[in-house]
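Colleague: Model the structure of this input:
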Amino acid sequence: MTTAVTRLLLLATVLVGLSGCSQLLYRQTCVALAKDVSYCLAPLPLNQAAPKGQTSDTKAAKDAKQPDEPQGNGSVQAQPLEQTLSLSQQVRLQRGEQSHELISQLELQPQQMTVVGLAPLGQALFTLIYDGHTLTSEQSVLLGNEFKAEYLLALLQLIYWPEEKLNAYLDGARVKLEDCAAVLCRVLLSNDNRELMRISYSSPNIWHAEVTLNMPQADLKLNIKPL
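Modeller: Prediction:
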């Protein structure tokens, strides 16, 4: 079975599974990551330039506070999208003593980001659609009210979006590269230089890398493996 057919079957399974016992919710697009730190989902397309005023201010702050930050080829940069990017992933989420696994399909087009999720046994969990302005979540009622689509999308953007664009939509913090034992590491630092999040990549091709995200203050760990 080809990869394309597998992806189509996955999408079809989610749509059919959600049709019977799901709810459609309109979600907010800004989330709190820590005290006095928030992130608003960056608009699409991915390769659209960030607002000039915010970008220049962020860059100036980074240059002033982080003169030793890696530059050039060491930067985690997402490639410009001219067509659909489609990724099948195994996702493991740990929070405290609780652990959850799912199969995720990420579809990224110039004007739309779609994430669908299946439980390991095939039950449809959610379909998230973000058009750059509005985020909708069609999700199984079994997820209850604890599943927050905006947080999942925010974490995915913090993993895959370019640092310059992320910093334009962060308030109270910034992302930067940092030397580590992995191939690449990205950290989220508060304005008083507290490390809030660390993201490790197994490959410089971040879209196809195994990714581990640690957020100690939230007792949260996210692992993504490409399929």
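Colleague: Distance of Thr114 relative to Thr127?
Modeller: Counting by Cβ to Cβ, to the nearest Å, the gap from Thr114 to Thr127 is 7 Å. No exception for glycine: its C-beta is placed from N, CA and C like everyone else's.
Colleague: Ok, Val141 next?
Modeller: In terms of Cβ to Cβ, Val141 sits 14 Å off from Thr127.
Colleague: How about Tyr151?
Modeller: Distance from Tyr151 to Thr127, counting by Cβ to Cβ: 16 Å.
Colleague: Looking at those two, which one has more neighbours?
Modeller: Between Tyr151 and Thr127, counting by other Cβ atoms under 10 Å, Thr127 is the more crowded of the two (23 against 16).
Colleague: which element is that one on?
Modeller: In this structure, Thr127 is located in strand 124-130 according to DSSP states H and E.
Colleague: next one: Arg92
Modeller: Going by DSSP H and E, Arg92 is in strand 85-95.
Colleague: Just give me the neighbour total for the closest residue to Glu107 other than its chain neighbours.
Modeller: Take Glu107 and drop its neighbours on the chain: the residue closest to it by Cβ to Cβ, 6 or more residues apart in numbering is Thr114, 4.3 Å away. Look at Thr114: counted by other Cβ under 10 Å, it has 17 neighbours.
Colleague: which SS class is Thr114?
Modeller: strand (DSSP: H, G, I helix; E, B strand; the rest coil).
Colleague: Surely it is in contact with Asp131?
Modeller: No. Contact criterion Cβ atoms under 8 Å: Thr114 and Asp131 do not qualify, at 9.7 Å.
Colleague: and the nearest residue to Glu163 once chain neighbours are set aside, what are its phi and psi?
Modeller: Leaving aside its chain neighbours, Glu163 sits nearest to Val175 (5.0 Å; criterion: Cβ to Cβ, 6+ apart). Dihedral pair for Val175: phi -110, psi 150, per degrees, to the nearest 10.
Colleague: Specify the beta-bridge partners of Val175.
Modeller: Leu188 (DSSP bridges).
Colleague: Now do the contacts for it.
Modeller: Taking Cβ atoms under 8 Å, 6 or more residues apart in numbering, we find Val175 in contact with 158, 163, 166-167, 186-189.
Colleague: Adding distance to Glu101, neighbour count and pLDDT, write these out as a markdown table.
Modeller: Below are these laid out as a markdown table (distance: Cβ to Cβ, whole Å; neighbours: other Cβ atoms under 10 Å; pLDDT from 0 to 100):
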| residue | distance to Glu101 | neighbour count | pLDDT |
| --- | --- | --- | --- |
| Leu158 | 21 | 21 | 98 |
| Glu163 | 29 | 22 | 96 |
| Leu166 | 27 | 24 | 97 |
| Asn167 | 32 | 21 | 98 |
| Arg186 | 24 | 23 | 98 |
| Val187 | 26 | 18 | 98 |
| Leu188 | 24 | 23 | 98 |
| Leu189 | 30 | 18 | 98 |
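Colleague: Go through those and name the one nearest Arg92.
Modeller: Leu158 (17.3 Å; Cβ to Cβ).
Colleague: I'd assumed Leu196 was in contact with the closest one.
Modeller: No. Counting by Cβ under 8 Å, Leu158 sits too far from Leu196 to count as a contact (10.3 Å).
Colleague: so what sits against both of these two?
Modeller: With Cβ under 8 Å, 6+ apart as the test, Leu158 and Leu196 both reach Leu188.
Colleague: SS state for the residue nearest in space to the middle of the chain?
Modeller: Nearest residue to the geometric centre of the chain (Cα atoms, centre = their mean): Leu156, 0.5 Å. Under three-state DSSP, the three-state class of Leu156 is helix.
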